[in-house]
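Colleague: Just the structure for this:
(one chain, ligands or ions: 1)
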Amino acid sequence: IPGRKFFVGGNWKCNGTRDSIKKLVEELNKSVTPEEYLDKRKRKHIIPARINKDYCEVVVTPPFVYIPQVVASIKQEYQVAGQNCWINKGGAFTGETSADMLLDVGCKWVILGHSERRSIIGESDAMIATKTAYALSLGLGVMACIGESIHARETGKTNEVCFGQMQAYLNELKDPKQWAKVVVAYEPVWAIGTGKTATPEQAQDVHAAVRGWLSENVNPKVAEDTRIIYGGSANAANCKALAKMPDIDGFLVGGAALKGEDFTVICMAS
Ligand code: PEP
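Modeller: Prediction:
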């Protein structure tokens, strides 16, 4: 049984006000986190063996300007992440935020390669990989996103596209040890924000293929240890069926992460 700890990221995207974020954090602070659930009830019999004692890692990702507010107010069971960062150290890069700054304000993670940044902002595979290597070099964890368009899926190119995106990351991650702080987020573009979720079987097929790719192209140990999480209209109703699949190690959640109770249910899905 692999020892991969379940991982759930909440991507708040470009949403919120000081007030709405205060309310969301209050909701999250009130809800029982997976760790507390495990401690308080000791319900070992309903906890699948693969996550037996470590349960789940939960990360929330506010817009940059609200990060200090969230770091200061959210309870310590939740980690905080940035939604993006600059490719290298700071300097004369107007409008950018460096990985160093994210660390400085208390972030432990960053989302990189999200499809909205690829398609709307035009970030390239190479740029995303450069950011990834830099963020990892500072000790930040990276939720490294991949995923195919509807056109790629309909033309049978899902694996080809995902493997190409994985190869771009690998081009910058020369040392297999760097993968220890990478969580791969498989997010089919056609499922993000659309209410259309991949079926558990569709997601499992890609997760297993990506794990196979890691085994062949990095090494079997990295393949076994790397969390591969699913994103794309995951919600409180569909998370359990997805989480049952052997290669789905958690979720990256957009819309449902803005609702405290739903997000908590998703964190408990394993
Ligand atoms: C996302 O933006 O990473 C995402 C998965 O969004 P949603 O859950 O809203 O589809």
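Colleague: Which stretches in this structure count as strands?
Modeller: Assigned by DSSP state E, the strands in the chain fall at 6-11, 56-61, 78-82, 109-112, 141-146, 182-186, 228-231, 250-253.
Colleague: Residue 80 bridge partners, please.
Modeller: Beta-bridge partners for residue 80, by DSSP bridges, are residue 60.
Colleague: How far away from the center of its chain is whichever helix in the chain runs longest?
Modeller: Secondary structure of the chain per DSSP state H: the longest helix is helix 200-217. Here the centre of helix 200-217 is set off from its chain's centre by 16 Å, with CA atoms, centre = their mean, to the nearest Å.
Colleague: what does stretch 87-105 give?
Modeller: Stretch 87-105 sits 21 Å away from the centroid of its parent chain (CA atoms, centre = their mean).
Colleague: For that stretch, output the C-alpha coordinates as PDB.
Modeller: Coordinates of each C-alpha in stretch 87-105 appear next as PDB, following Å, rounded to 0.1, in the frame of the first residue of the first chain:
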ATOM      1  CA  ILE A  87      10.100  32.800 -12.500                       C
ATOM      2  CA  ASN A  88      13.000  33.800 -10.300                       C
ATOM      3  CA  LYS A  89      14.000  36.300  -7.600                       C
ATOM      4  CA  GLY A  90      12.300  39.600  -7.500                       C
ATOM      5  CA  GLY A  91      13.500  42.900  -9.000                       C
ATOM      6  CA  ALA A  92      12.300  45.100 -11.800                       C
ATOM      7  CA  PHE A  93       9.300  43.000 -12.800                       C
ATOM      8  CA  THR A  94       6.200  45.200 -12.300                       C
ATOM      9  CA  GLY A  95       3.100  43.400 -11.200                       C
ATOM     10  CA  GLU A  96       4.900  40.200 -10.300                       C
ATOM     11  CA  THR A  97       5.200  38.400  -6.900                       C
ATOM     12  CA  SER A  98       8.300  36.200  -6.200                       C
ATOM     13  CA  ALA A  99       8.400  32.800  -4.600                       C
ATOM     14  CA  ASP A 100      10.600  34.400  -2.000                       C
ATOM     15  CA  MET A 101       7.800  36.800  -1.100                       C
ATOM     16  CA  LEU A 102       5.300  34.000  -0.800                       C
ATOM     17  CA  LEU A 103       7.600  32.200   1.700                       C
ATOM     18  CA  ASP A 104       8.200  35.500   3.600                       C
ATOM     19  CA  VAL A 105       4.500  35.900   4.200                       C
END
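Colleague: Many thanks, we can stop here.
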